[in-house]
Every structure is written in C-alpha cells, then in structure tokens.
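**Q** Need coordinates for the following:
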Amino acid sequence: MSTPTLDRVLDAVLRVDANFDIRFISEPGQRWFTQLPGGELPKNFLSILHTEDLARFQQCVASSPETFSSDLRIIKAGKDCWINLRSYQLPVANQFVFCIVDISMWKTEDSALRHAAEHDELTGLPNRAFLKKTVDQRISAAKGVFSVALLDLDGFKKVNDTYGHAMGDAVLIETTKRLTKLLGPGDVMARLGGDEFVLLFEGKNAVAAQQALKNVLLAVARPYDTAPHNAYLGVSIGVAEYPLHGEDYSMLLKNADTAMYYSKNAGKNRVTVFALTEANVDFSIKAAIHDGIQEGEFYMEYQPQYDMERRLVGAEALMRWTNRNLGRVGPDQFIPIAEEAGLMPFLGKWALRYACHQLKKFHALAPDFVMSVNVSPVQFGSDNFDEQVLEVIQETGIDPTRLVLEITESTLMSSQEKTERALARLREKGIRFSIDDFGTGFSSLSYLTRLPVSSIKIDKAFVTA
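**A** Numbering: from 1, shown residues only. Here you go, the predicted structure:
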C-alpha cells in the first residue's frame, strides 16, 4: 500500500527504535497530535502510553514482536485517547512501525451502549442485568459475606393511579436520590422495575444490613414534595444474606423477595430478614407454584403395575415438580399448599389431561394398558368434578374403561350422597375407581358394597412388619 493511501486510512504512522523513541511521524500524524490546544509531538511512545495499558503493550511486544494489534489508550493533549495500534517489526535492527487509528468515538459509543444496557433509563441506577453481574462477580471472587435487601414502596400504586405516571416517576427519582446518599463504600443500589429496588450491602451480614435499613425506612417516610400534591409512602423490605440464605443470585433474590412479602403481610413499612422456618418454606413453595405452572415445571412420572404373573398391565401417574430455585419438591410438600391456595383443581385437571394423553400413546402399543390417576380431595369435592373428567376423556379420545381414578378412603367418606352420584355417573361411562390407602379411615367393608369400586390399595402400615 502506498504512503498516500496509508495517510487516508490511518491517523498516524510512527517509526520507533528499541527504546520506543520516535524517529518519524507521518504528516497526518503530526497534524493529529497537535490538532487540539496543548497538543505536542511526542518524543517517546511510552511517555504518552496510559500507565494502565503499559503492561499489556509490553506483553504484546514480548510475545509477538513481528506484528501485533491492540486497543490502547494514549495521553493526547492532556486527555485519554483510545487508539488501535498495529505494530510491524522492520528489518532494521529493533525498529518498529506503529500504524495508529483513533477509535475514541467508537469506544465512547460502545461505552454508552453498555451503560444503557445495564442501567435504568428513568433513575440512572444499575438495572437487573448489572445487579446480577455484580452479585455473580462477588460470589466468584469469594469476597465473603454480603446481603441483598429487596425494597417495595408501600402506597406507590395509589400515587400512580391517582396523580398519574409523571408524579410516580418523580417519586421514583426522589427515592433514588434519598437512598443513594445512604450507600457505603462498595454498596450498590439497583432498580428492578416498577417500584422495586435492591440494595447490596458489601461486607454486612443480615443483622448489620437490617440495622442500616432503619435509615432507609426514615428516608422514605419523609413527605415527597411533588407538586401539586405531597405523597406519603412507606417501604417493605426483605433481606437475604450470602451464603446463609442462598449461594447464587437467583436464590438470594428469591429469598429476599419472600422476606419482603412477609413485611407486606405483617403490616408493611418494616424490615424482615429471611429465615429458614417452616412457614417461610411454605411461603416460598406457594409463590413458586404460581411460577411453576406458568413455566411448565410440573410433569408426570409413571410407576409400573404388574399382575401376579409379572406382566406389565398398567401404570400409576404421579405428579412431580422440579423448581429452578427450590429444586425437586415432594408432593407431600406442594400438594397441601396447592390445595390451601386453591390451585389443586387446576393442577389436578392438568395431571388428568396429561396422563390421558400419555395413555392414548400407550394404547397404540398395548390396547389393554390401564392408567391410574390420583384425585385430590379438593379436586374431587369440586361441584363439576365428574364433568371435568368426561371433558378430558372426550378431548383425548381414550377408552374410558382403561382409566382408573384413585381416591382416598377419607374423601369417599366425606360426602356419601354426593360421592355416590359422581361415581355412578362416571362408572356408567366405564371408568373404574380404586380406594387409595385403604384402612386409614373408619369405613366398614359394608360401605364398599354401595360404591362402584374395582380395587383397593391397602395402606403400607398394614403390610410392613
């Protein structure tokens, strides 16, 4: 490439010796170095190289003396300037040609894009992505204990709904100003979205963080002078400590969120530290069930059933759940909580539909295959249980005589007249019934003669030594 062509694509060309003293600067390079007030022609390249980039430059020269390319900072007219440096070793002993392109504008744009991707537009605070990266870095660096506090403004929705989003935005900006003044060295404040914020306390355990958060309660409690109306808010806060309450970002935020909802339920405007109590575990499961339904975390496993000649004749469909934060949760844990939350009819119908679709596939291989599906007391007690079952059978197109519904003894005894009507209607369609855990209730054998029950499963307490 000719020198005029080089001049059009490069901002400067330097020739330097073994000590990096500059022996030649191209004419465009001379103009580039002196175009700003205070600009001077450099005499030694190392004298203008940013001190933080010196080691990287020396490593490039040592490892690839013939040629290398690197983005570096130099000091030009008293200011940092990003350049792309391409170095070529000359045949002349220990001399190099440095081809320089000014990339400051690109670096500035790149930095602005990174900042926008990791910061909230309204408040300027770090966003969720930045917070996750920061927490992950602190965990990887093994810097020791720290705590995260999840904050949710009490009464913010009313401000937004009553006075409009402009006033709501003003409240969020003012909250940011108040709380950032309370941050210590190494602490981070982030906005997750809406009126949710997170404070990361460097080096503080949950107890120390709880003490520091008293000032946050006081700061938010001060009136918000947002003309034309004053706003009065509180803040509910949940705290989780690393590694006591979680060993990764997701678990820490999940447990801080659980603790925050405890603050809400306990009267708002307070701080709650997450505790691994049975109540908190139940609360976590309840919240996670909603997410699990949306995320498709529930699935079915099948326990094979054999006859006396050890031939496979069917399977029992068992609902299972693996949550991304809680791991595998046993049915003895999540089913009672789902029943209490009113979610069991939905989950039960989903399980029946899923099992029937699978039964349809099994029938293609073995027409006599039988599928047993458990029915919870809450699901069975719903007013339209029999209609739901018939609807699923029609939807999936299975042979109803190949379906067995397993119902506990206590459920059958709870409402005999209603039970008998529902069972009779389903039995007319060919559906069979089995009593699960027989012997744990107080029914008599005579009761079985009035119900269309095809089999019973003896409770294991009666068959184990």
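
**Q** C-alpha only now, for contacts and for neighbours.
**A** Noted.

**Q** List the contacts of the helix or strand that contains Ala129.
**A** Element membership for Ala129 (DSSP states H and E) is helix 128-140. Contact partners of helix 128-140, identified using Cα atoms under 8 Å, 6 or more residues apart in numbering, comprise Ala117, Glu118, His119, Ala190, Arg191, Leu192, Asp248, Tyr249.

**Q** mind running it again at 10 Å?
**A** With Cα atoms under 10 Å, 6 or more residues apart in numbering as the test, helix 128-140 has contacts from 115, 117-120, 125-126, 141-148, 188-193, 197-200, 202, 242-243, 247-250, 252-253.

**Q** Can you tell me which of these are buried?
**A** 115, 118-120, 125-126, 145-148, 188-192, 197-200, 202, 242-243, 248-249, 252-253 (16 or more other Cα atoms under 10 Å).

**Q** Mind checking which of those residues are in strands?
**A** Members of the buried ones among the contacts of helix 128-140 lying in strands (criterion: DSSP state E): 146-148, 188-192, 197-200, 202, 242.

**Q** So what's the gap between stretch 332-347 and the chain middle?
**A** 23 Å (Cα atoms, centre = their mean, to the nearest Å).

**Q** err, stretch 311-326, not the other one
**A** With Cα atoms, centre = their mean as the basis, stretch 311-326 stands 25 Å off its chain's centre.

**Q** Give me the buried positions along that stretch.
**A** Buried residues in stretch 311-326, defined by neighbour count with 16+ other Cα under 10 Å: Gly314, Ala315, Glu316, Ala317, Leu318, Met319, Arg320, Trp321, Asn323.

**Q** and those residues, which two are the farthest apart?
**A** Gly314 and Asn323 (28.5 Å; Cα to Cα).

**Q** tell me the average confidence for stretch 292-301?
**A** Averaged across stretch 292-301, pLDDT comes to 88.

**Q** contacts for that stretch?
**A** Applying Cα under 10 Å, 6+ apart, the external contacts of stretch 292-301 come out as 285-286, 288-289, 291, 315-324, 343, 346-347, 350-352, 354-355, 358.

**Q** Show me those residues that map onto helices.
**A** Counting by DSSP state H, the contacts of stretch 292-301 place 285-286, 288-289, 291, 346-347, 350-352, 354-355, 358 in helices.

**Q** Looking at the residues you listed, which one is closest to Ile83?
**A** Asp291 (48.7 Å).

**Q** can you tell me which residues contact the closest one?
**A** Applying Cα under 10 Å, 6+ apart, the residues near Asp291 are Ile285, Glu297, Asn323, Arg324.

**Q** Quick one: residues contacting the last one.
**A** For Arg324, the contact set (Cα under 10 Å, 6+ apart) comprises Ser250, Met251, Ala288, Asp291, Gly292, Glu295, Glu297.

**Q** what about burial for those, which qualify?
**A** Those of those that meet the buried threshold are Met251, Ala288, Gly292, by 16+ other Cα under 10 Å.

**Q** need the contact list for the residue of the chain most remote from its centre.
**A** Going by Cα atoms, centre = their mean, the residue of the chain most distant from its centre is Val92, 59.0 Å out. Going by Cα under 10 Å, 6+ apart, Val92 touches Asp17.

**Q** Assumed it was part of a strand.
**A** No: counting by DSSP: H, G, I helix; E, B strand; the rest coil, Val92 falls outside a strand, being coil.

**Q** Distance check, it against Ala208.
**A** Going from Val92 to Ala208 by Cα to Cα, to the nearest Å gives 65 Å.

**Q** In the stretch 151-300 of the chain, what residue spans correspond to strands?
**A** 188-193, 196-202, 224-226, 229-231, 234-242, 271-273, 298-306 (DSSP state E, counting those that start in this stretch).

**Q** Highest mean neighbour count across these, which stretch is it?
**A** Across these, the average number of neighbours (mean count of other Cα atoms under 10 Å) peaks for strand 234-242, which reaches a mean of 27.

**Q** what about it, average pLDDT?
**A** pLDDT averaged over strand 234-242 gives 95.

**Q** Which elements pack onto it?
**A** In this structure, strand 234-242 packs against strand 146-154, strand 196-202, helix 206-221, helix 249-265, strand 271-273, with contacts taken as 3 or more Cα pairs under 10 Å, 6 or more residues apart in numbering; DSSP states H and E.

**Q** switch the cut-off to 6 Å
**A** Packing contacts for strand 234-242, counted by 3 or more Cα pairs under 6 Å, 6 or more residues apart in numbering; DSSP states H and E, involve strand 146-154, helix 206-221, helix 249-265, strand 271-273.

**Q** Residues in contact with it: which ones?
**A** Contacts to strand 234-242, defined as Cα atoms under 6 Å, 6 or more residues apart in numbering, come from residues 145-154, 205-206, 220-221, 252, 256, 259-260, 263-264, 268-274.

**Q** mind running it again at 8 Å?
**A** With Cα under 8 Å, 6+ apart, strand 234-242 has contacts from 145-155, 205-206, 209-210, 217, 220-221, 246, 252-253, 255-264, 268-274.

**Q** Give me the buried subset of those.
**A** Looks like the contacts of strand 234-242 have 145-154, 205-206, 209-210, 217, 220, 246, 252-253, 255-264, 268-274 buried, using 16+ other Cα under 10 Å.

**Q** where's the dip in pLDDT among the buried residues of stretch 311-326?
**A** Lowest pLDDT among the buried residues of stretch 311-326: Asn323, 80.

**Q** so what's it bridging to?
**A** Here Asn323 sits in beta bridges with Gly327, going by DSSP bridges.

**Q** Now do the contacts for Thr272.
**A** For Thr272, the contact set (Cα under 8 Å, 6+ apart) comprises Gln210, Ile237, Gly238, Val239, Ala259, Met260, Tyr262, Ser263.

**Q** Give the closest residue to it in space, chain neighbours not counted.
**A** Gly238 (4.9 Å; Cα to Cα, 6 or more residues apart in numbering).
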